[in-house]
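In: Quick one: sequence plus predicted model below, questions after.
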Amino acid sequence: MLIEELVSYYQKTEGDAISAVPKGSILGGTADEILEMVTCYASDAAVFLKHGDLVNAFAASEYGLGWLDCGIYLGYTKAVFTNCLELAKEFPEELFEKLEEKTLRYQRMLTGALDGSVPAPDAETGCYAAVVKIRETAERALAVGTELLPDDYVNALAIFSYGYGWLDCGVRAGLFQITGDRHLFTI
């Protein structure tokens, strides 16, 4: 899949996403916030792509897809979605330095976000199972992305971005308490 195809796929998926809960309810407010973030990342990806910034277009698309997938898992949103997508084509060689910097930065940021968040719900509640799934998704993304380095910066960035989107969505949904750097989350 080419970057342009990924951005197009994400925009189509984002455009078809809807709230799965009643409008005007507490849950509806959270669903609206999740959909707003998904829309913002789709818009960012399109702007980056329009300006030829393939690295940021790619990262924004994968991050937004992480948000969307987590929203679907939590039951806040509905959309037809195929998890984190791999690119079939490498980035142009002249973008490698930017790709490497962005990938390593997202690795550090995801590490900091995981270290700086703790479950908010009590372990005996149903919401705690969601916290476990979100945290496992983000931790798995960090582990898999790290294993891909230094040979595959493209797919490492994809998985770091996607997993980070899951964790950020979980924080926005109130399932995690921030104990570290608040700037690592879209609160």
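Out: Cool, the structure landed.

In: what's near enough to touch the most centrally placed residue in the chain?
Out: The centroid of the chain falls nearest to G165 when counting by Cα atoms, centre = their mean (2.1 Å). G165 sits next to Y41, E62, Y63, G64, L65, G66, W67, L68, D69, C70 when contact means Cβ atoms under 8 Å, 6 or more residues apart in numbering. C-betas here are computed from N, CA, C, even on glycine.

In: Repeat that for Q11.
Out: So Q11 contacts A42, A45, A46 (Cβ under 8 Å, 6+ apart).

In: just those now: which is nearest E97?
Out: Closest approach to E97 among those (Cβ to Cβ): A45, at 20.8 Å.

In: Test my guess that that closest one contacts V55.
Out: No: contact criterion Cβ atoms under 8 Å: A45 and V55 do not qualify, at 11.1 Å.

In: So between these two, which is more surrounded?
Out: More neighbours surround A45 than the other of A45 and V55, with 28 against 22 (other Cβ atoms under 10 Å).

In: nearest spatial neighbour of the more buried one, skipping sequence neighbours?
Out: Excluding the flanking residues, the one nearest A45 by Cβ to Cβ, 6 or more residues apart in numbering is A60, at 4.0 Å.

In: what pLDDT does the one you found get?
Out: At A60, the model reports a pLDDT of 96.

In: my read is it is in a helix, agree?
Out: Yes: under DSSP: H, G, I helix; E, B strand; the rest coil, A60 falls within a helix.

In: how much space is there between it and G180?
Out: Using Cβ to Cβ, to the nearest Å, we find A60 at a distance of 23 Å from G180.

In: Quick check: the residue nearest to A45 vs F160, distance?
Out: According to Cβ to Cβ, A60 and F160 sit 13 Å apart.

In: Looking at these two, which is more packed in?
Out: Each of A60 and F160 has its neighbours counted (other Cβ under 10 Å); F160 has more, 32 against 25.

In: if I pick that one, what's in contact with it?
Out: T103, Y106, Q107, L110, A141, L142, G145.

In: Average pLDDT for the one helix or strand the residue nearest to the centre of the chain maps to, rounded please.
Out: Taking DSSP states H and E as the definition, G165 sits inside helix 153-172. The average pLDDT for helix 153-172 rounds to 96.

In: what's downstream of it, the next helix or strand?
Out: strand 176-178.

In: now this structure, which segments are flagged as low pLDDT?
Out: By pLDDT under 70, the weakly predicted segments of the chain are 1, 81-90.
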